[in-house]
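**Student:** With the sequence up front, the predicted model follows.
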Protein chains: 2
Amino acid sequence: MFKLLLQHIQEKVTLTDQEKTQLEEYFIVKKLRKRQYLLQEGEVCKYMAFISSGVLKSYVIDEKGVETINFIGWEGWWMADSYSFYTGEKGILNIEAVEDAELLLLSKEKYDLMMITMPVMSTYFRILYERSLATKDRRILSNIAFNAEEKYTQVLTCYPELVDRIPQHLLASYLGLTPETVSRIKNKMK
Amino acid sequence: MFKLLLQHIQEKVTLTDQEKTQLEEYFIVKKLRKRQYLLQEGEVCKYMAFISSGVLKSYVIDEKGVETINFIGWEGWWMADSYSFYTGEKGILNIEAVEDAELLLLSKEKYDLMMITMPVMSTYFRILYERSLATKDRRILSNIAFNAEEKYTQVLTCYPELVDRIPQHLLASYLGLTPETVSRIKNKMK
DNA sequence: CGGATCGTTGATCAACTTCAACGGTCGTGG
DNA sequence: CCACGACCGTTGAAGTTGATCAACGATCCG
């Protein structure tokens, strides 16, 4: 259950055996079935979720009912409405299982506590966020500087697994394109 | 010189007098004149820059010579090619002064050292990154879910100062639009 | 003064969306 | 266990948004 999480953390920082044990106290195990919500628009995001297995998506729905994917994560990724989690204000994201999933939830209270009592975890998150910022910067650039085909090939090279793990229309939405456009690009490139 | 930085840090964490003094050791003061580079594409980003005064932009240039703005910052913002800074690999961003600017530079070596010797600063950066992630998430969403007009009005409400601080064609590029389009939207809305 | 930079406006154009129809696969309930 | 509906990808045709291209006026500054 905690194996993947511990492994993940230890790629960035070193944990003592005591810290490893201590760590488990902070999390709640939660299972989600396909299509089940972790969070709905308008709620305050009370948990960061570490995905032990399965696939989750976060997205918004506009007034016409169109879904726009904010993020897609699977084993080894963290998931939350970051704005809502850190500020405590109402969020705009929905988070939902794309496949059955097993999560380790870290509540805001426990997170704050952890940041005080386990400095090593504050460091872990700082490092995690460094990577994450760099990635998001690249995604922003590809959004505003690339055309449809460039966006698609970029995501293929950066996240080759993505294509196998999720339905194509989710990938399309993640890229800000329509399913039709992605379908046509795929054809054209083959 | 350090006043703004200290103020900024103390919005997020509490510093002792000793830490305040210690902090200054880590930084190099640097002045940039308008149009002067802080970083050029292909270089490794060796510094994070805290902007004490002035305006900086980070951007990429595509094969046709078109500039795409990644980020624009002024007094109180941090600036770097985050990917390059954290990984130590060559970067893709150019960073340049839009107006004469005064910076406090924190080198990668000093940053790494600071993270070890000043836990409070590790915490500061963790908190800074939390906010930053939330902001970038919102920007990604507005990039992929919004049309030109919505992007423009969103940036107006989130960063009203931006319009006064920077030329309009930079704002356009920041939004992934052409100057012409922004000009037309502005007219239409008035 | 003359050049560079910037915003504006108009006309044309292309990329991507929208709309619609169809075929395949999967899962669920009768 | 099969049938039907939901879901998904594909293809074609038409439509729209924003880009491109070009010209012009204003401002700033050396």
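**Tutor:** Looks like it came in fine. Residues are numbered from 1 along each chain as shown, chains lettered A, B, ... in the order given.
**Student:** Name the nearest residue to A:K151, sequence neighbours excluded.
**Tutor:** Ranked by CB to CB, 6 or more residues apart in numbering or on different chains and with sequence neighbours excluded, the top spatial neighbour of A:K151 is A:L175, at 4.8 Å. To be clear about C-beta, it is placed using only N, CA and C from the backbone, and glycine gets the same treatment.
**Student:** Contact partners for the one you found?
**Tutor:** When contacts are counted by CB atoms under 8 Å, 6 or more residues apart in numbering or on different chains, A:L175 touches A:148, A:151-152, A:155, A:182, B:144.
**Student:** can you narrow those residues to ones near DNA strand D?
**Tutor:** A:V182 (CB under 7 Å from any atom of the strand).
**Student:** What about the contacts of A:L175, which are in strands?
**Tutor:** When DSSP state E defines the strands, the subset of the contacts of A:L175 inside them is empty.
**Student:** and A:K57, what does it touch?
**Tutor:** Contacts for A:K57 (CB under 8 Å, 6+ apart) come out as A:69, A:71-73, A:95-96, A:98, A:166, A:170.
**Student:** which one of those is nearest A:S82?
**Tutor:** Nearest to A:S82 among the contacts of A:K57, counting by CB to CB, is A:F71 at 9.5 Å.
**Student:** On the three-state scheme, the nearest residue to the closest one once chain neighbours are set aside is what?
**Tutor:** Among residues not flanking A:F71 along the chain, A:S58 sits closest, at 4.7 Å (CB to CB, 6+ apart). Reducing the assignment to helix, strand or coil with DSSP: H, G, I helix; E, B strand; the rest coil, the entry for A:S58 is strand.
**Student:** I'd like the distance between A:S58 and A:S82.
**Tutor:** Distance check for A:S58 against A:S82: by CB to CB, to the nearest Å, it reads 10 Å.
**Student:** what about the two, which has more around it?
**Tutor:** The residue with more neighbours, out of A:S58 and A:S82, is A:S82; 28 against 24, by other CB atoms under 10 Å in any protein chain shown.
**Student:** could you dump stretch A:75-90 to PDB, C-alpha only?
**Tutor:** What follows is stretch A:75-90, C-alpha atoms only, in PDB (Å, rounded to 0.1, in the frame of the first residue of the first chain):
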ATOM      1  CA  GLU A  75       0.400   5.500 -10.100                       C
ATOM      2  CA  GLY A  76       2.900   7.700  -8.500                       C
ATOM      3  CA  TRP A  77       1.200  11.100  -9.100                       C
ATOM      4  CA  TRP A  78      -0.300  13.500  -6.700                       C
ATOM      5  CA  MET A  79      -3.700  14.900  -7.400                       C
ATOM      6  CA  ALA A  80      -5.600  17.900  -5.900                       C
ATOM      7  CA  ASP A  81      -7.200  21.200  -6.700                       C
ATOM      8  CA  SER A  82      -4.100  23.000  -5.700                       C
ATOM      9  CA  TYR A  83      -5.600  26.400  -5.500                       C
ATOM     10  CA  SER A  84      -8.400  25.200  -3.200                       C
ATOM     11  CA  PHE A  85      -6.200  22.900  -1.100                       C
ATOM     12  CA  TYR A  86      -3.600  25.600  -0.300                       C
ATOM     13  CA  THR A  87      -6.000  28.500   0.200                       C
ATOM     14  CA  GLY A  88      -8.900  26.700   1.800                       C
ATOM     15  CA  GLU A  89     -11.300  28.400  -0.600                       C
ATOM     16  CA  LYS A  90     -13.900  26.700  -2.800                       C
END
